[in-house]
Every structure is written in structure tokens, then in C-alpha cells.
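[1] no sequence on this one, just coordinates:
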């Protein structure tokens, strides 16, 4: 259980394995007689660039920035590859033999059990993992939001008789994407169950790149967390009286894939999945979209072959297998950084737990009922606290297990439209919106600060003349900041 790398030496043979959940990172470089392996991309790239030139993989670079992760073995450097959870490295000491081997994978399957039986089986597997954690650690903490995913983890620990410390970070711009309603839900959870709550300072530095050079030297690519936010990194590094931290990462695997909700088809192709994968995020920002889509399609086709799925006829019941692959690389950044200083995993991302979740039929996950009933079975009172997720509160309909969004009144709807209008922001928000007092000061300041970050980065890093991206003014501030920050780190390595 956990995120780890294992090296086994047997006489002249060396084998290196990554953990099967594949949330930890393992990289390798192999050229002629030189073989380098590391769990840290920055350190590995720095050691290689001293004697050899590295070439940037532009497509992977853009995918990593704007999709939050790079699918498959690729990294932002063409010469450096990742070892995936179903792979291992095999070497012979007295020869140049080096190869990447494959660990046998069970074919994709769909559970034939009914909803109640699947809930029973999932909670049994999850609690067996939680009980192992509880057996070895006493000071347990959980990064918590007001949403569903961390609530699954919380209900599991409460079920085990543990009262975890809750952790919540408060930011001051769209870079950290924290929300006051989210914070209020977390406070209610802490109060309702008498849990300690640690509030972290996640406010963004001013200017945003103030500490990039210092942090990249100390943390490497780990410093890209929330675009080089020194406050977040310091808060985690100096976390006291905690010996284990958990997350709600991969909890979305307990709900249906959002990319398929608007498509009423039973079957998809790997090509369709690649298109949905890119359409979901910010792929219209970068120019070589067709090349990136081909790479994504190739990875999904390879995944189909490994799982014995027809790449031209993927049933929606198998969709979670593909979403899992994305989330393994997109939702592991903060977890892997925490692991530098404190024992950290995402218990619901454990390979046995997540592999079973992937077998749950599409209709049993509809409207979140599978996830809701897991929480209800583990610790039902957790559902009494309002759920805030994806910018809105949700209510639980006890009769048909549906998640229902609170009705948005016309007033708030019009306000949200105005806030998206760039011309309106420039014309009115700058004058404190005296004509429209409906806007609260906290949100006004957040929008101004976020727009200020975009304007600063655009000017300093000359983004309007960057030939790799387009429509940069429409990109979110977090993506622009990540793009500039990772480009900064890469240039530092290549120098």
C-alpha cells in the first residue's frame, strides 16, 4: 500500500518497479552505456544536461501545461521517459542490456453485481486499506474541501474510529481556485464532528514569479504546484504534529465521466475519447492540437490493447479505465510533493480500490448515486453538511439518490454573465462598481488580482508573440502562470 519505487538486485540483474497505482513518478534516461533512473524529473534532467543536450518535446510540454498531465510514457524532454505502473525496468550489470518490461494486466471487466453488492464490496476493500493506515499512524490529517471526494475519505476514517485533522488552504486569486463557500462547508464539517481544522495561507506572491528561481532550485518541478506559490510549499514543509496526510484524489472515479454525460452513445472509439479528452480542457489555446490529439489517441489505443478492449468499440461501462489514466498524472502533483516531507497517499487511489471502482456499471454511477451511497454506508452523518462542488451547492434527494443543484436565481445568473464580460470588468469593476452594488468586494478584488496576474505575465514573458500558443487572453490565469513557470524551469535546466 502506498506510493513507492522498489529496486531489486539479484546477482547481475537489477529490476526497478513503480507502484501499481502509478501516482508516484519514476523516470529513466538511457543512451549508449549510460543509464539514469530517478523519481525526480528536475534532478535527472539537470544531471543529463551537464554532459548531453536535451530536446524539448513541444507537444508533451503543452499537454502537460494545459491538460494538467502527460498521458503515457512521454515527458517534456524527448530523451527522458516515464515508467508506468504496469511496467518495470530490467538491466544487466555486466552488459548493456536494458529493457522496459510489462506486467500482466487483467482485462477490463464490468461488475455483474447489483448496486448494493458493489457498495458492500467497495467499502470492504476501502476499509481494509484504511485499517492498515490506522494501524501504523496515529496523527492523521486530510486535505478537505466541501465536495464529494474528500468526504468519501473522511467517512472512511470516521468509520474506523479516527478523528482526522482537516486541512484547508485559502488563496486570494484564481491561481489557487479556493472559494469562500467551500471554506464554510469545511468549517461546518469540522464543527459538526469536533475535528481540528488547520487553515493554510495559500495566497499568491506578488509578483507571481517572485520566488520561481529560488523554488525551482530547491524543489525542481515540484515548485510548479499552484505556479510556484512559496506560501503553500512552506506551509506543507513546516506541517507539525502530523505523521500521515490523505487526499480525496481520484474520487471522481466513483462518478460517471463528465465528458460522456452529454453524449447518449453506448460505444465510443479511441479517436472519440481523444477528442473528448482535449475538448474538456484548454486545447484550443495551443496551435499544434492535431498532433497532440494523435498522441492521445495512440495512448488510448495502446490502453485498449492492454485491457483487451476493441479500440473502435469502447463501451461506456469501460470509460473509467481511460479517465483513471489521466487522473494518475493530473492529480498527483501535490501528493508527491507532500511525500517529500510526510507520509502521504490518496487511499481511494490505491490500485485495488480504484481498479474495482472502474468495474462499476455506468448506470449504477448515474447522478452520483454510487458515491453517495458509499458515504451513507460508511458514515451517513457526513451527508448532513451541505456539499459544495464545481462552484455550486448540491442537495441529496433521499428518494431517488440524485444530486440536485440549488436553483440559481436570475440575479446571480446575470451577475455571472457580467463577470465573464471583459469590457464590463474594465469599465465598471475598476470604479468599485458603485452603480452595481450587487458585486461583493471580495469577488471584485479576486477578479482584479487575477486579471493583474495575467497582464503581468503577458507583458513580462511576451506571450502575444509566442508562436506555440494562441488566444492567450482567453486562457485561465492558472494555465498562463503554469505555462510561464514550467517554461522558466526548463530554460533553467537547459542553461
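    Right, received. Where do you want to start? Computed from a predicted structure; not experimentally measured. Numbering: from 1, shown residues only.
[2] quick one: residue 97 from residue 480, how far?
    With distances taken as Cβ to Cβ, to the nearest Å, residue 97 is found 45 Å from residue 480. Where C-beta positions appear, they are placed from N, C-alpha and C, glycine not excepted.
[3] and the residue minimising distance to the centre of the chain, what does it touch?
    With distances taken as Cα atoms, centre = their mean, the chain has residue 331 as the residue nearest its mean C-alpha position (2.0 Å). Contacts for residue 331 (Cβ atoms under 8 Å, 6 or more residues apart in numbering) come out as 23, 69, 249-250, 346, 349.
[4] that older thread, who's more crowded, residue 97 and residue 480?
    Neighbours per residue, other Cβ atoms under 10 Å: of residue 97 and residue 480, the larger number sits with residue 480, 27 against 11.
[5] Could you check the pLDDT of that one?
    Note on residue 480: pLDDT of 89.
[6] Packing partners of the helix or strand hosting it?
    Taking DSSP states H and E as the criterion, residue 480 maps to helix 477-494. With contacts taken as 3 or more Cβ pairs under 8 Å, 6 or more residues apart in numbering; DSSP states H and E, helix 477-494 sits against helix 41-49, helix 58-66, helix 212-219, helix 441-460.
[7] quick one: buried residues of it?
    Neighbour counts over helix 477-494 (16 or more other Cβ atoms under 10 Å) mark 477-490, 492-493 as buried.
[8] low-confidence ranges in the stretch 251-400 of the chain?
    Regions of the stretch 251-400 of the chain meeting the criterion pLDDT under 70 cover residues 261-262, 280-284, 397-400.
[9] Just give me the closest of the buried residues of helix 477-494 to residue 78.
    The closest of those to residue 78 turns out to be residue 490 (Cβ to Cβ; 12.4 Å).
[10] Look up how far residue 337 lies from the closest one.
    Distance from residue 490 to residue 337, by Cβ to Cβ: 19 Å.
[11] doesn't residue 337 make contact with residue 222?
    Yes - taking Cβ atoms under 8 Å as the definition, residue 222 is a contact partner of residue 337 at 4.5 Å.
[12] Please name the spatially closest residue to residue 147 (chain neighbours excluded).
    residue 389 (3.6 Å; Cβ to Cβ, 6 or more residues apart in numbering).
[13] likewise residue 460?
    residue 209 (7.4 Å).
[14] Let me see the ranges of the helices in the stretch 301-450 of the chain.
    Taking DSSP state H, counting those that start in this stretch, the helices of the stretch 301-450 of the chain run over residues 319-330, 333-338, 351-357, 362-365, 369-379, 410-420, 422-428, 441-460.
[15] Check the stretch 101-250 of the chain too.
    Counting by DSSP H, counting those that start in this stretch, the stretch 101-250 of the chain has helices at residues 115-136, 149-159, 180-192, 212-219, 230-237.
[16] What lies in contact with the fourth one?
    Residues external to helix 212-219 that are found in contact with it (Cβ under 8 Å, 6+ apart): 42, 223, 228, 230, 233, 337, 340, 485, 488-489, 492.
[17] how much does it deviate in direction from helix 477-494?
    In terms of direction (axes from the mean of the first three to the mean of the last three Cα atoms, to 10 degrees), helix 212-219 departs from helix 477-494 by 70 degrees.
[18] what comes up buried for helix 212-219?
    Buried residues in helix 212-219, counted by 16+ other Cβ under 10 Å: 212, 215-216, 219.
[19] Likewise for the first one?
    Under the neighbour-count criterion of 16+ other Cβ under 10 Å, helix 115-136 has 115, 118-119, 122-123, 125-127, 129-130, 133-134 buried.
[20] Just the closest of these to residue 376, please.
    Closest to residue 376, out of all of the buried residues of helix 115-136 and judged by Cβ to Cβ, is residue 119, at 8.8 Å.
[21] My understanding was that the closest one contacts residue 378; is that so?
    No - using Cβ under 8 Å, residue 119 makes no contact with residue 378, being 9.6 Å away.
[22] show me what contacts residue 176?
    Counting by Cβ under 8 Å, 6+ apart, residue 176 has contacts 169, 202-204, 226, 229, 232.
[23] Out of those, name the ones that lie in strands.
    Under the assignment DSSP state E, those contribute residue 169 to strands.
[24] I'd like the contacts of residue 176 laid out as JSON lines, including distance to residue 266.
    Shown next, in JSON lines, are the contacts of residue 176 (distance: Cβ to Cβ, whole Å):
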{"residue": "169", "distance to residue 266": "41"}
{"residue": "202", "distance to residue 266": "43"}
{"residue": "203", "distance to residue 266": "47"}
{"residue": "204", "distance to residue 266": "45"}
{"residue": "226", "distance to residue 266": "39"}
{"residue": "229", "distance to residue 266": "44"}
{"residue": "232", "distance to residue 266": "43"}
